[in-house]
Each structure stands twice: as C-alpha cells, then as structure tokens.
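Chemist: only geometry, no sequence info:
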C-alpha cells in the first residue's frame with residue numbers, strides 16, 4: 001500500500017496503555033511513504049507511566065516522523081486555513097477526546113486539528129481506546145459513526161469479562177483504514 005506524498009496529521013491522546021500498540025502502526029504509515037505530522041497533548045510526552053517514559057515517546061515520535069510534535073493550539077491553527085493535511089488520524093482516541101469530537105469541542109491540539117480537517121471536508125480516522133465505549137461514551141460513538149468524513153479503525157471489546165464497557169481499535173488495521181478513508185470508504189467489518 002503506497003501513501004507517497006500523503007500528508008497525515010497524527011494525533012496521540014493519553015490512553016497510555018494503548019500507545020505502545022500505536023507505534024508500529026505509525027511506523028507502517030511512514031514506511032508506506034506518508035508524511036507524518038505528530039500532534040499531541042503536552043501531557044502525552046511529559047508524563048511517565050508504567051507503560052513508558054514521556055521523554056522516550058517524544059524521542060520515538062521525532063525519530064519516526066522526522067518532526068517535533070505540535071503541542072499547542074497556536075501550532076495547529078493553520079491546519080484549516082492552509083489545508084495542510086490530506087487526512088488526520090487520532091490514535092489512540094480516548095473517551096474524553098471522543099466526547100469532545102462528538103460535541104464539537106476543540107480545546108486541545110488534537111481536537112482543534114480534527115475540527116480544522118472536518119471544516120475542509122477532509123477525512124479524520126479515529127482509533128478508539130476507552131474504558132467506557134459501551135457505557136457513557138456510547139452516545140458519542142454513535143454520533144461520530146453517523147458523521148461525514150469520520151472513519152473508524154475497526155474495534156471491539158478488549159476484555160469483556162473484566163471491563164465490559166471497554167473498546168479498543170485493532171491498531172494493525174490502521175493502514176488499511178487510512179487507505180479506505182482516503183477513498184471515502186469505511187473499512188469493514190467495523191466491529192471485530
């Protein structure tokens with residue numbers, strides 16, 4: 001799958017347990033030729049968790065993408081007026097980010113980048129990772145599933161016994177989801 005010359009904004013949000021699964025997908029996009037522009041909440045690279053150190057993630061993002069992550073509203077504001085991206089990815093997409101996208105709240109660099117992309121009627125790919133996807137956030141998921149220009153990486157329950165409301169995207173399907181979204185199609189089956 002070739003993405004040579006495709007400009008992709010790549011938003012990472014603070015689902016720390018899922019970020020290690022996102023990194024191989026990010027590398028796949030780069031290997032396929034995409035130009036990647038990392039966009040993050042500053043907390044993502046300033047927080048050390050049991051899943052990794054923020055400074056290690058920062059270093060990895062720069063190494064993979066060749067760019068410093070955008071961390072402020074000021075940095076992402078030109079995305080809309082300048083039509084900077086062909087596609088925007090949010091991976092992982094936390095429940096909070098999912099809620100903000102569904103309600104049109106653009107108070108973080110990632111959500112503002114998505115708003116700019118949607119304003120230009122360009123695709124946004126969402127890779128959900130939330131413990132309340134089948135709970136409180138189900139309404140937001142439903143709203144976004146019905147919205148134009150938003151495409152989901154296929155997802156399913158990650159631990160139905162211990163976390164029955166939890167949903168997580170199949171990160172290994174990010175690349176084909178991006179290819180489909182660029183063609184205006186949702187990769188199927190969506191629920192896996």
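Modeler: Nice, thanks for sending it over. From a predicted model like this one, the values you see are computed outputs, not experimental measurements.
Chemist: against residue 154, how distant is the residue located most distally from the centre of the chain?
Modeler: Most distant from the centre of the chain: residue 161, at 26.2 Å, with distances by C-alpha atoms, centre = their mean. Distance of residue 161 to residue 154, computed by C-beta to C-beta, to the nearest Å: 21 Å. In short, each C-beta sits where N, CA and C put it, glycine included.
Chemist: ok, now residue 126?
Modeler: With distances taken as C-beta to C-beta, residue 126 is found 11 Å from residue 154.
Chemist: which of these two has more neighbours?
Modeler: residue 126 (27 against 20; other C-beta atoms under 10 Å).
Chemist: show me what the more buried one bridges to in the sheet.
Modeler: Counting by DSSP bridges, residue 126 is bridged to residue 90, residue 152.
Chemist: surely it meets residue 151?
Modeler: Yes. Counting by C-beta atoms under 8 Å, residue 126 does reach residue 151; the two are 7.2 Å apart.
Chemist: and the pLDDT at the residue farthest from the centre of the chain?
Modeler: For residue 161, the model assigns a pLDDT of 95.
Chemist: tally of neighbours for the nearest residue to residue 172 once chain neighbours are set aside?
Modeler: Nearest non-adjacent residue to residue 172, counting by C-beta to C-beta, 6 or more residues apart in numbering: residue 25, 7.0 Å away. Per other C-beta under 10 Å, the neighbour tally for residue 25 reads 23.
Chemist: mind telling me what element residue 25 is part of?
Modeler: Here residue 25, judged by DSSP states H and E, is contained in helix 19-31.
Chemist: who does that helix touch, helix- and strand-wise?
Modeler: With contacts defined as 3 or more C-beta pairs under 8 Å, 6 or more residues apart in numbering; DSSP states H and E, helix 19-31 has these neighbours: strand 7-12, strand 35-40, helix 54-65, strand 87-93, helix 174-182.
Chemist: by how many degrees do that helix and strand 87-93 diverge?
Modeler: Using axes from the mean of the first three to the mean of the last three C-alpha atoms, to 10 degrees, the direction of helix 19-31 lies 160 degrees away from that of strand 87-93.
Chemist: quick one: helix 19-31 to chain centroid distance?
Modeler: 11 Å (C-alpha atoms, centre = their mean, to the nearest Å).
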